[in-house]
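K.L.:
fold the following for me, if possible:
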Amino acid sequence: MNIQQIALITYFNTGNFSGISDQENDDLYTYLTEKGLSVSYQIWDDPEVDWTKFELIILKSPWDYFDKIDAFYAWLDKLEQLGCRVLNPVQTVRWNADKRYLKDIKDKGHKIVPTVWLEKGSKFNPAEAFAALGSEKIIVKPSVSGGAKNTFALTPAAAEDEAESINTLLQQEAFLVQPFVEEIKTKGEWSFLFFNGEYSHTVLKTVKPGDFRVQHFFGGTIHTPEPPAVLLEAAHNIADDFAQGCLYARVDGVEINGELHLMELELIEPFLFMATSEGAVERYYQAVLEHLQVTA
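P.N.:
Numbering: from 1, shown residues only. As a prediction, this is how the structure comes out:
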């Protein structure tokens, strides 16, 4: 098998994301290498890397991209100008970096969690937000963010206390406001994984008592139940509409009244939970081969 080099994109670890396990990356590297692929991890903002030498550039774990969003956009532009093959595609990644993409998904007819958008330079008015969402508790987070960065879970009283801090942040970037979905506490948040548009596996993430974040590095718990068919179908439809040409996609959502409401469509650096599903790494490998147009 004559295959050129493949870059698995990661980040320069300064300890900011030390709670995120590197085991998935280690396991993936080992598996792909044992299969005969020439892979190496490369730091996305390392100025010394010659990106033209790679047959494929796969975004695996550039977990700090949202902290350096302008540099990240510039890097994507550079890859595009160099004619590099990037997975997921640069145009899709650029679109997915800002959570305002949820507007497009809603406009296509998919259900999303109700959202109020706060543009950069605007003001956060707690009373208006609570009235618009009809909720007793809200979540406020940046449009460009990850890992629960600058994310607030607020009651009306707490929102008044935090309004000044949020308005200071709004001078720097856009935010969005969503109701705290009680079903996340009672039912959990679903993640549906797709490789090359084909369904691979599902996990259900539940919160740690007293918290609102489902991420496993914040103490959330991961389960692997068989997903209800109606939820899987909804997730598949979202992936079909918005993850065309993507090596990987993770559809995160919550069940409300028996229907999937999208929380996020993760197309940049999602944890793929491959260790939770037998054969997931093999399915990922086969998906890579399809993009390389070779056979094992």
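K.L.:
where does the protein have low pLDDT?
P.N.:
1-3, 14-21, 208-220, 294-296 (pLDDT under 70).
K.L.:
again, only this time at 90
P.N.:
1-4, 12-23, 145-150, 182, 184-186, 206-221, 223-224, 293-296 (pLDDT under 90).
K.L.:
can you give me the strands in it?
P.N.:
Using DSSP state E, the strands of the chain run over 5-10, 39-43, 54-59, 86-87, 116-118, 138-142, 152-154, 175-179, 189-195, 198-206, 221-223, 248-256, 259-266.
K.L.:
who wins for proximity to residue 22 among the ones you listed?
P.N.:
strand 5-10 (8.8 Å; C-beta to C-beta). Using the backbone N, CA and C atoms, a C-beta is placed for each residue, glycine as well.
K.L.:
and the closest one, what does it pack onto?
P.N.:
Where contact means 3 or more C-beta pairs under 8 Å, 6 or more residues apart in numbering; DSSP states H and E, strand 5-10 is packed against helix 23-34, strand 39-43, strand 54-59.
K.L.:
which parts of stretch 281-296 are buried?
P.N.:
281, 283, 284, 285, 286, 287, 288, 289, 291, 292 (16 or more other C-beta atoms under 10 Å).
K.L.:
so which of those is the closest to residue 43?
P.N.:
For the buried residues of stretch 281-296, the nearest to residue 43 is residue 288 (20.3 Å; C-beta to C-beta).
K.L.:
quick one, what contacts residue 116?
P.N.:
129, 132, 133, 176, 177, 178 (C-beta atoms under 8 Å, 6 or more residues apart in numbering).
K.L.:
how far away is the fifth one from residue 124?
P.N.:
The spacing between residue 177 and residue 124, counted by C-beta to C-beta, to the nearest Å, is 8 Å.
K.L.:
between those two, which is the more surrounded one?
P.N.:
residue 177 (25 against 22; other C-beta atoms under 10 Å).
K.L.:
what sits against the more buried one?
P.N.:
Counted by C-beta under 8 Å, 6+ apart, residue 177 has contacts 115, 116, 117, 118, 124, 129, 133, 138, 139, 140.
K.L.:
count of residues packed around the first one?
P.N.:
Residue 115 has 18 neighbouring residues, counting by other C-beta under 10 Å.
K.L.:
and for the last one?
P.N.:
Close neighbours of residue 140, defined as other C-beta under 10 Å, add up to 25.
K.L.:
what's the end-to-end length of stretch 135-144?
P.N.:
23 Å (C-alpha to C-alpha, to the nearest Å).
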